[in-house]
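Asker: generate a structure from the sequence data that follows.
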Amino acid sequence: MYKKSNPVTHLCTSDVDNILIRERNLCDDLIGKMTFTDFIMFHFFGAEPTPLQRTIVDAVLVCIMEHGMTPSAVASRITYLGAPESLQGAVAAGLLGAGSRFVGTADESAALLKRINDQPVEQRAAEAQAIAEEFTAAKKFLPGFGHPIHINGDPRVKRLDEVARAAGAKGDYIDAMYLLGDAIKAASGKNIVINVNAAIGAVLLEADIPPTITRGFNLIARCAGLVGHLLEEQQEPAGFHIWKVADEAVPYVAE
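Answerer: Have a look, this model is predicted:
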């Protein structure tokens, strides 16, 4: 429904002497008194995180920040090669590739895990099976499952599970993740492993973070990782080599 009242923001305002973020003074109340992880949660939700939320969000940010010469890192490095005056452009180029194949499916996976967990306990395995069969019949990738490198299992999944449960997570969404993992193997007849995005979706749900914002944590972490790649690009340039390798690997052939 259309709202006639003017929109407002609850996030931030400033005057000549102060910057207020959710009614707290940035300089007096936040800088030096709140970690970046805590501040993310405070900024997003208007309350300081619980110990469980703090532990899970911090683990997720560390977990997904770096994974080598992925397409997003390559995109950042090549963009920096072409426009070294634009650090922000190079970071943006890498973030634009954080989609359904790389980095960014935690939100979609979380929505499916929530769908499973919304069912009575005795019906959750059947719901997981239904989801797996839907994606298999449609010949679509199941978000959060499968990995091109970690074909024997993504090691980050087990570690996020351990960290979340040790911090006090109930484990319902993590259990739903394993139900869906078993279901996709049964439906496809293939050894499709659980990947880190399913685990991120599961543990963030355990921390009461809605699926709609889940991908944001991937992006925050990967942004920092891309800055690291660009610092290394300044010190140990690889962009020109990557360009030449790609040029040689994809030869011109007349039609």
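Asker: so C223 sits against L96, correct?
Answerer: No. Shown here, C223 and L96 do not form a contact pair, counting by C-beta atoms under 8 Å, at 11.7 Å. In this view, the C-beta of every residue, glycine as well, is placed from N, C-alpha and C.
Asker: who's more crowded, those two?
Answerer: More neighbours surround C223 than the other of C223 and L96, with 15 against 12 (other C-beta atoms under 10 Å).
Asker: gap between the host helix or strand of that one and the chain center?
Answerer: Per DSSP states H and E: C223 is located in helix 211-235. Taking C-alpha atoms, centre = their mean, to the nearest Å, one finds helix 211-235 lying 10 Å from the centre of the chain it belongs to.
Asker: output the below-cut-off pLDDT ranges for the stretch 51-200 of the chain.
Answerer: Counting by pLDDT under 70, not a single residue of the stretch 51-200 of the chain qualifies.
Asker: just the strands in it please.
Answerer: Along the stretch 51-200 of the chain, no stretch is classed among the strands by DSSP state E, counting those that start in this stretch.
Asker: need the helices for the stretch 51-200 of the chain, in chain order.
Answerer: 51-64, 71-82, 87-96, 106-117, 124-137, 155-166, 172-188, 196-206 (DSSP state H, counting those that start in this stretch).
Asker: show me what the third one is packed against.
Answerer: For helix 87-96, the helices and strands in contact under the criterion 3 or more C-beta pairs under 8 Å, 6 or more residues apart in numbering; DSSP states H and E are helix 71-82, helix 211-235.
Asker: tell me who's in contact with the nearest residue in space to V62 that is not next to it in sequence.
Answerer: Nearest residue to V62, sequence neighbours excluded (C-beta to C-beta, 6 or more residues apart in numbering): A221, at 7.6 Å. Residues near A221 by C-beta atoms under 8 Å, 6 or more residues apart in numbering: V60, L61, V62, C63, I64, M65.
Asker: if you rank those residues by neighbours, which is first?
Answerer: Neighbour max across these (other C-beta under 10 Å) = V60, 29 neighbours.
Asker: can you list contacts of stretch 169-181?
Answerer: 52, 56, 109-110, 112-114, 116-117, 124-125, 128, 131-132, 142, 144-145, 157, 161, 164-165, 192-194, 198-199, 201-203, 205-207.
Asker: for ChimeraX, write the select line for the buried members of those residues.
Answerer: The ChimeraX command for the buried members of the contacts of stretch 169-181 (criterion: 16 or more other C-beta atoms under 10 Å) is given here:
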select :52,56,109,110,112,113,114,116,117,124,125,128,131,132,142,144,145,157,161,164,192,193,194,198,199,201,202,203,205,206,207
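Asker: returning to what we had before: using TSV, lay out the contacts of A221 together with distance to S188.
Answerer: Formatted as TSV, these follow (distance: C-beta to C-beta, whole Å):
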residue	distance to S188
V60	27
L61	32
V62	31
C63	26
I64	25
M65	30
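Asker: any idea which of these is closest to P237?
Answerer: For these, the closest approach to P237 (C-beta to C-beta) belongs to M65, at 21.9 Å.
Asker: residues touching that closest one, list them.
Answerer: With C-beta under 8 Å, 6+ apart, M65 has these contacts: A221, R222, A224, G225, G228.
Asker: how about a cut-off of 7 Å?
Answerer: A221, R222, A224, G225 (C-beta atoms under 7 Å, 6 or more residues apart in numbering).
Asker: how close does it sit to F240?
Answerer: 25 Å (C-beta to C-beta, to the nearest Å).
Asker: how close does the residue nearest to D154 when sequence neighbours are not counted get to G68?
Answerer: Nearest residue to D154, sequence neighbours excluded (C-beta to C-beta, 6+ apart): N195, at 4.7 Å. Between N195 and G68 the distance is 15 Å, computed by C-beta to C-beta.
Asker: which of the two has more residues huddled nearby?
Answerer: Taking other C-beta under 10 Å, N195 and G68 do not tie; N195 has more neighbours (25 against 9).
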